[in-house]
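Trainee: Please find the sequence and the predicted model below.
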Amino acid sequence: MKAVEIKKGIYWVGAIDWDLRNFHGYLTQRGSTYNAYLVIDEKITLIDTVKAHLASEMIERISSIIDPEKIDYIVSNHVEMDHSGALPEIMKIAKNAKIITSPNGIKGLKAHYKKDWDFEVVNSGDTINIGKRNIQFVLTPMVHWPDNMVSYIEEEKIIFSNDAFGQHIASAERFDDEFAIDIIIEEARKYYANIVLPYGSQVQKALEQIKNYAIDIIAPSHGIIWRSHVNKIIQEYVKWSSNTTDKKAVIVYDTMWGSTKKIAYSIANSLKSAGYKTVMCNLQVNHISDIMTELITSEYVCVGSPTLNNNMLPTVAAFLTYMKGLAPKGRKAIVFGSYGWGGQSIGQLKNFMESAKLDVVHEIKVSYIPSEEDLNKIESDLLEKVK
Ligand code: FEO
């Protein structure tokens with residue numbers, strides 16, 4: 001396995017996880033990569049590593065350029081094990097390497113690996129000289145863990161952004177002009193919605209810190225490297241981190257006998273009439289991580305459940321729990337459902353949405369099966385409210 005040169009003397013030496021389909025609950029239909037980068041200079045520097053089970057793939061790629069024993073520095077931008085998991089293996093070979101990490105990075109790495117490696121702690125604005133180049137560090141706590149930082153080489157205009165700007169895509173292609181850009185953006189959106197969304201204000205701080213950097217290449221720790229669409233992905237991050245939405249509604253529901261589904265379609269008709277793009281997400285066939293990809297750009301989040309044993313359906317509760325953890329802000333909510341006698345699910349949906357800080361603007365509750373007349377009224381009432 002060979003390294004891929006991304007700029008003169010700088011190589012991608014990561015690993016491709018073609019088989020990955022689940023990343024702690026996030027469905028990764030396209031697999032992923034763990035990107036590590038090798039900088040050849042007076043001090044040989046490795047930036048991040050890969051998941052433990054793919055350590056040999058990374059070491060083989062490093063060996064295609066240089067003897068890994070010669071590595072002087074290993075920059076650990078992030079402790080999470082998809083990026084630090086191969087540290088124990090590479091440290092067995094690069095015995096004299098110094099690990100450069102953030103103040104929380106050293107705590108995390110020690111807690112994970114119980115090793116007394118040679119560490120150097122850096123803070124925002126610190127720089128290390130590696131010969132012709134300097135590597136500058138910016139701490140970006142909570143994008144995605146408290147330890148995160150990014151590394152910037154001014155001489156090359158490259159930022160190694162770790163989790164930020166990543167996407168879960170396994171591919172033989174490395175660059176954003178070699179792979180369908182719509183797919184890369186969609187996977188970046190899915191990644192943001194499922195991993196980064198709770199940390200919007202920290203993302204905005206990080207964007208502010210790097211805004212004066214000249215950037216030719218964004219080299220993230222997952223997926224495709226940005227070199228032809230750098231401004232595009234930065235603009236998307238500005239949009240997503242500010243919770244800016246489109247004129248769009250995501251309609252999420254489960255159904256027992258089809259009545260809640262009928263209400264869902266009436267809501268969609270009404271919102272379509274009001275000019276909204278609508279996306280239907282039946283929880284029986286849609287994964288919650290894919291629903292988040294739609295939710296992140298939606299002004300309306302509509303959630304429906306019939307009542308079963310005095311409760312909302314477990315599929316709906318699971319989605320709401322997942323959504324609440326990701327803390328989308330500034331969305332409007334509509335709750336709905338059919339019921340036989342109790343009808344508690346609609347109140348529960350409303351309470352849950354409010355506890356997740358969504359603004360519940362409308363409720364729809366129908367006994368048993370909605371008639372044509374009921375559905376027409378649902379559409380006209382809602383249209384009146386949203387137009
Ligand atoms: Fe890709 Fe937070 O690890």
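Mentor: Good, I have the coordinates.
Trainee: quick one: contacts for His53?
Mentor: Contacts of His53 were listed using C-beta atoms under 8 Å, 6 or more residues apart in numbering, and they are Gly85. All C-beta atoms are positioned from the backbone trio N, CA, C, and that covers glycine.
Trainee: Give me the three-state assignment for it.
Mentor: Judged by DSSP: H, G, I helix; E, B strand; the rest coil, the three-state class of His53 is helix.
Trainee: roughly how far apart are it and Asn162?
Mentor: 20 Å (C-beta to C-beta, to the nearest Å).
Trainee: same deal with Ala268?
Mentor: In terms of C-beta to C-beta, Ala268 sits 39 Å off from Asn162.
Trainee: again with Lys211
Mentor: Distance, Lys211 to Asn162, using C-beta to C-beta: 18 Å.
Trainee: higher neighbour count, the two?
Mentor: Asn162 (29 against 10; other C-beta atoms under 10 Å).
Trainee: That one bridge partners, please.
Mentor: Per DSSP bridges, the residues bridged to Asn162 are Pro220.
Trainee: And the pLDDT at it?
Mentor: Note on Asn162: pLDDT of 95.
Trainee: next one: Met142
Mentor: For Met142, pLDDT reads 88.
Trainee: Glu186 versus that one, what's the distance?
Mentor: For Met142 relative to Glu186 (C-beta to C-beta), the value is 24 Å.
Trainee: what ranges do the helices span in the stretch 101-250 of the chain?
Mentor: Applying DSSP state H, counting those that start in this stretch to the stretch 101-250 of the chain gives helices spanning 103-113, 181-191, 200-210, 230-241.
Trainee: possible to save those as TSV with mean pLDDT, mean neighbour count and distance to the ligand?
Mentor: TSV is the format used below for the helices of the stretch 101-250 of the chain (pLDDT from 0 to 100; neighbours: other C-beta atoms under 10 Å; distance: least, C-beta to the nearest ligand atom, whole Å):
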stretch	mean pLDDT	mean neighbour count	distance to the ligand
helix 103-113	98	17	11
helix 181-191	98	19	9
helix 200-210	92	17	13
helix 230-241	96	17	16
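Trainee: Which one of those lies nearest to Ile71?
Mentor: Smallest distance to Ile71 across these (C-beta to C-beta): 16.3 Å, for helix 103-113.
Trainee: Other residues contacting the closest one?
Mentor: Applying C-beta under 8 Å, 6+ apart, the external contacts of helix 103-113 come out as 76-79, 81, 84, 87-88, 99, 101, 115, 117, 119, 121, 123, 141, 145-147, 149.
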